[in-house]
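Student: take this sequence and fold it.
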Amino acid sequence: MKKKDIRILLVDDEADILEIVGYNLSQEGYQISTAANGKEAVAKAKKELPHLIIMDVMMPEMDGMEATEIIRKTPELANVIITFLTARSEDYSQVAGFDAGADDYITKPIKPKLLVSKVKALLRRLKESDTNSEKLNVGGIEINREEYKIVKDGEEIVLPRKEFELFYLLASRPGKVFKREEILDKVWGNEVIVGGRTIDVHIRKLREKIGEDFFKTIKGVGYKFEV
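Tutor: So this is what the prediction gives:
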């Protein structure tokens with residue numbers, strides 16, 4: 001997919017943030033649209049179907065967490081990439097962001113060049129999804145990489161993109177134990193700076209959604225976690 005075809009929605013109640021971030025990303029050739037609060041973001045996302053949403057947390061009318069939860073429940077937006085861009089750096093805030101359905105969590109302030117690099121890393125999976133149509137069936141679970149779909153016992157399980165990528169990595173290499181650095185590189189991209197706790201949060205969410213039985217089936221796969 002060419003940059004000129006990629007749609008990015010910026011959501012922030014600070015006009016200067018929208019201007020600065022929008023300028024730097026538009027210089028890269030992306031299509032940029034903006035929203036000043038969560039309510040407006042939901043409406044624009046449903047209308048424009050962006051590939052990436054960069055979302056502030058604290059906003060009037062509707063905050064970023066609530067907006068993300070609504071967007072994730074919208075079928076045509078289930079696979080949109082969402083990252084928070086916020087001044088809130090507390091662990092509990094980041095956990096809440098991932099729980100709401102975010103794929104990444106970026107804290108302000110951030111230099112424009114680094115933000116652009118992070119955006120490129122997030123968008124890299126759009127190219128991967130265009131070229132990778134592999135399907136897996138592991139532990140009785142069907143995994144469709146092309147459609148970002150997981151089916152267990154006849155029921156579809158919807159995962160945010162980051163959780164799906166991590167789950168796919170674990171399921172695709174039975175018996176292999178990856179190092180944290182390798183997981184971060186394959187799932188988040190080597191340009192994205194995140195901590196080991198990010199992996200822990202996603203593993204916990206996968207255990208809740210997929211079930212412990214599956215992780216016992218793939219014991220030793222992808223990550224050194226207790227089962």
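Student: quick one: the residue most central in space within the chain and S172, what's the gap?
Tutor: Geometric centre of the chain, nearest residue: D103, 1.9 Å, by Cα atoms, centre = their mean. Using Cβ to Cβ, to the nearest Å, D103 is found at 19 Å from S172. (C-beta placed from N, C-alpha, C; glycine too.)
Student: before we move on, back to that, got a list of what the residue nearest to the centre of the chain touches?
Tutor: I81, I82, T83, L122, P160, R161, K162 (Cβ atoms under 8 Å, 6 or more residues apart in numbering).
Student: how close does it sit to S33?
Tutor: From D103 to S33 the distance is 19 Å (Cβ to Cβ).
Student: helices of the protein, start to end?
Tutor: Secondary structure of the chain (DSSP state H): helices at 15-27, 38-48, 64-72, 91-100, 112-131, 161-172, 180-183, 196-210, 212-217.
Student: now distance to K152 and mean pLDDT too, for those helices, in JSON lines please.
Tutor: Formatted as JSON lines, the helices of the chain follow (distance: least, Cβ to Cβ, whole Å; pLDDT from 0 to 100):
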{"stretch": "helix 15-27", "distance to K152": "37", "mean pLDDT": "95"}
{"stretch": "helix 38-48", "distance to K152": "28", "mean pLDDT": "95"}
{"stretch": "helix 64-72", "distance to K152": "19", "mean pLDDT": "94"}
{"stretch": "helix 91-100", "distance to K152": "20", "mean pLDDT": "88"}
{"stretch": "helix 112-131", "distance to K152": "21", "mean pLDDT": "79"}
{"stretch": "helix 161-172", "distance to K152": "11", "mean pLDDT": "84"}
{"stretch": "helix 180-183", "distance to K152": "22", "mean pLDDT": "78"}
{"stretch": "helix 196-210", "distance to K152": "7", "mean pLDDT": "84"}
{"stretch": "helix 212-217", "distance to K152": "8", "mean pLDDT": "71"}
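Student: same list (those helices) but as CSV, adding mean neighbour count and distance to G140.
Tutor: Listed next are these as CSV, based on neighbours: other Cβ atoms under 10 Å; distance: least, Cβ to Cβ, whole Å:
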stretch, mean neighbour count, distance to G140
helix 15-27, 15, 42
helix 38-48, 19, 34
helix 64-72, 22, 25
helix 91-100, 17, 26
helix 112-131, 16, 24
helix 161-172, 22, 11
helix 180-183, 15, 24
helix 196-210, 17, 11
helix 212-217, 14, 8
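Student: right, so of those helices, which gets closest to D56?
Tutor: Among the helices of the chain, the nearest to D56 by Cβ to Cβ is helix 64-72 (5.4 Å).
Student: packing partners of the closest one?
Tutor: Of the remaining helices and strands, those touching helix 64-72 by 3 or more Cβ pairs under 8 Å, 6 or more residues apart in numbering; DSSP states H and E are helix 38-48, strand 52-55, strand 81-86, helix 91-100.
Student: which elements pack onto the third one?
Tutor: Helices and strands in packing contact with strand 81-86 are listed as strand 52-55, helix 64-72, strand 104-107, helix 112-131; criterion 3+ Cβ pairs under 8 Å, 6+ apart.
Student: what of the first one?
Tutor: Helices and strands in packing contact with helix 38-48 are listed as strand 7-11, strand 31-35, strand 52-55, helix 64-72; criterion 3+ Cβ pairs under 8 Å, 6+ apart.
Student: what's the angle from the second one to helix 64-72?
Tutor: Put simply, strand 31-35 runs at 120 degrees to helix 64-72, going by axes from the mean of the first three to the mean of the last three Cα atoms, to 10 degrees.
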